[in-house]
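Please work out how this folds:
(one chain, ligands or ions: 2)
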Amino acid sequence: MPDKISITAFVNDAPVSASVEPRWTLADFLRGALRLTGTHLGCEHGVCGACTVLLDGAAVRSCLTLAVQINGRRVVTVEGLSPPRGLSVLQQCFRRHHALQCGFCTPGMLVTAHALLAETPCPAREQIVDAISGNLCRCTGYIPIVDAIEAAAAHPRSAGGSAS
Ligand code: FES
Ligand code: FES
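Residues are numbered from 1 along each chain as shown. Ligands and ions are numbered 1, 2, ... in the order given. From the prediction side, this is the model:
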């Protein structure tokens, strides 16, 4: 077994110290070691977007990121997007617009949308479509998802879609 490497990071604003194997993906570390199972694994090779998390504010595929790469950095998973109580504006808009069915793609969609709205608070519909083009949904169809993100952007309490 290869030597483990010590890392420290902030995950959803909580300090984390761990010893990880060099081959571990960030997705496996989040799900297996930290039990943050909101991050879903679909294709496991960078195609579906279900595993998307924020790394220092940027949306990344956690199946293509190694756990050692988060050393000294900040990770936010879908669990970290929710306010202490209730749902974020973005999450409320997903519910209101029926932007999910099975929900498998939803964590990745929410994280990708959050990153978009943090960078571009008032995106054009085409920008929303472009932003989620790397996230695959097999059941809902994309129109309600785009509608939900558009509604979150227009919401008066929305700060990057994250306000409670
Ligand atoms: S599981 Fe990472 S992109 Fe599909
Ligand atoms: S809601 Fe089922 S894959 Fe998107």
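
Quick check: the residue sitting nearest the centre point of the chain vs residue 17, distance?
By Cα atoms, centre = their mean, the mean C-alpha position of the chain lies nearest to residue 111, the distance being 2.9 Å. In this view, residue 111 and residue 17 are 24 Å apart by Cβ to Cβ, to the nearest Å. Every residue, glycine included, has its C-beta placed from N, CA and C.

cool, residue 124 as well?
Taking Cβ to Cβ, one finds residue 124 at 42 Å from residue 17.

which residues touch the longest helix seen in the chain?
Identified as the longest helix of the chain according to DSSP state H is helix 106-119. Helix 106-119 is contacted by residues 38-40, 48-54, 57-59, 76-78, 81, 90-91, 94, 99-100, 123, 127-128, 131-132, 134-135, 137, 145, 148-149, 152-153, 158, 160-162 when judged by Cβ atoms under 8 Å, 6 or more residues apart in numbering.

and those, which are buried?
38-40, 48-54, 59, 76-78, 81, 90-91, 94, 99-100, 123, 128, 131-132, 135, 137, 145, 148-149, 152-153, 158, 160-162 (16 or more other Cβ atoms under 10 Å).

how about the residues of the protein that lie near ligand 1?
With Cβ under 6 Å from any ligand atom as the criterion, the chain meets ligand 1 at residues 41, 42, 43, 44, 46, 47, 48, 49, 50, 51, 61, 63.
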